[in-house]
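Participant: I'll drop the sequence and a predicted model, then ask my questions.
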Amino acid sequence: MFVVQERRVVDNRVFLLGLDDLYRSAMKRNESLELLRCAREVAWTLHIKPADVPVEGYYAEDKHLAEYFRLLRALQTEPNTRVAAVERLPAYQRLYEVTSSRLFGRPRNEAKLLPVGHDALSHALQKLAPHWTIPTLIAAAEQAAREMDDYSLVGLAARTQDPVVLAALRESVVLYAQVMLLGKIVLPPIVEWRVDEELASQANRFIGAFHALFPQGRRLPAATAENAQDYWDACDEKAIVGRCVRVGYDDRRNPVMHYHWGINRSQGPLEVEEFWAPEIWTTERYRRERAYHAPVEDVRLQGLDGIRDVEL
């Protein structure tokens, strides 16, 4: 017999992947219950049907989440001229409160019924368009997060300059499972907190805003050393392989081209693959078709027929 005491380090990546998983678990409940009821009422009042669009992210995992995704997508396309018909409804007021929250960046109305969040990555994409590459966007997003005082989930990720974290937090993360070893006396692990002080401070603003928005929901642990184990347990890098998120599009082309980031593990360590496509790629499709294949050299167009060269 010999004694083993494992040392676990909660660094910026572990912390943020853990925070994202904890946030996701809490948010799914809020969306599938309270916010779905609100979206149904507003859509019914305005005679709006769910949008016929691909269901992205974790919303494809559950029919209620998928319904909420399609309803909100439909409401987001409605002009603000329709606000008068629903502005007195508590359901609309709640949806507006949620979509205007700094949890998602700075709200942009764009003359629509509901605003969308403009975070550090959105700012970087806007600033660098149409010349999008991972290195330039990572650097620009980090700068934007500080200049904008962006403590949204994406803003926190941008501060790390870690493309895997930034891509994952734009999509969402699942759980981490701890495996115990037989034949050893295992002492409780030593968990070290190595999260940057500024990042933790900004994260606590995000956590506080989340609790204010959903006071009756599941609580997120504070970003402190005392809660390092919670974030370690919630982080699972293996589970984010194949996450794919559309971060921008170019409507100057026909058809419209969509710019994606996908988390790829063809070479061993996690990498982020960038690619353009004439349709929206979901996590489910990317995980099935590309996550474990080497990133393509020509990433300008990836369509239904494979990789094709196009003139930009």
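Facilitator: Structure received.
Participant: going forward, measure contacts and count neighbours with C-alpha atoms only.
Facilitator: Fine.
Participant: where do the helices sit along the stretch 101-250 of the chain?
Facilitator: 120-128, 134-147, 153-160, 163-171, 197-213, 228-234 (DSSP state H, counting those that start in this stretch).
Participant: quick one, what contacts the closest residue to residue 13 other than its chain neighbours?
Facilitator: The shortest distance from residue 13 to any non-neighbouring residue, by CA to CA, 6 or more residues apart in numbering, is to residue 165 (6.4 Å). With contact taken as CA atoms under 8 Å, 6 or more residues apart in numbering, residue 165 is in contact with 13, 16, 17, 157.
Participant: which residues in the stretch 51-200 of the chain form strands?
Facilitator: 106-108, 116-118, 185-193 (DSSP state E, counting those that start in this stretch).
Participant: report pLDDT for the closest residue to residue 48 other than its chain neighbours.
Facilitator: Spatial nearest neighbour of residue 48, excluding adjacent residues (CA to CA, 6+ apart): residue 74 at 7.2 Å. Confidence at residue 74, expressed as pLDDT, is 94.
Participant: residue 74: neighbour count?
Facilitator: 19 (other CA atoms under 10 Å).
Participant: repeat that for residue 4.
Facilitator: That count, for residue 4 with other CA under 10 Å as the rule, works out to 12.
Participant: which stretch of helix or strand covers it?
Facilitator: Taking DSSP states H and E as the criterion, residue 4 maps to strand 3-10.
Participant: rewinding a little: and the contacts of residue 165, which is closest to residue 97?
Facilitator: residue 157 (23.3 Å; CA to CA).
Participant: against residue 271, how distant is the closest one?
Facilitator: Counting by CA to CA, to the nearest Å, the gap between residue 157 and residue 271 amounts to 15 Å.
Participant: also residue 74?
Facilitator: Counting by CA to CA - residue 74 and residue 271 are separated by 33 Å.
Participant: need the residues that contact stretch 272-286.
Facilitator: 54-57, 133-134, 163-164, 167, 242-246, 255-264, 295, 299-303.
Participant: kindly report the same for stretch 197-217.
Facilitator: Under CA under 8 Å, 6+ apart, the answer for stretch 197-217 is 26, 30, 98, 101-103, 151-153, 156, 159, 219-224.
Participant: all strands of the stretch 201-312 of the chain, in order?
Facilitator: Counting by DSSP E, counting those that start in this stretch, the stretch 201-312 of the chain has strands at residues 244-250, 257-264, 271-277, 302-303, 306-307.
Participant: avg pLDDT for the third one?
Facilitator: I take that to be strand 271-277. Across strand 271-277, the per-residue pLDDT values average to 93.
Participant: that older thread, strand partners of the strand holding residue 4, parallel vs antiparallel please.
Facilitator: Note on strand 3-10: by DSSP bridges, its sheet partners are strand 185-193 (parallel).
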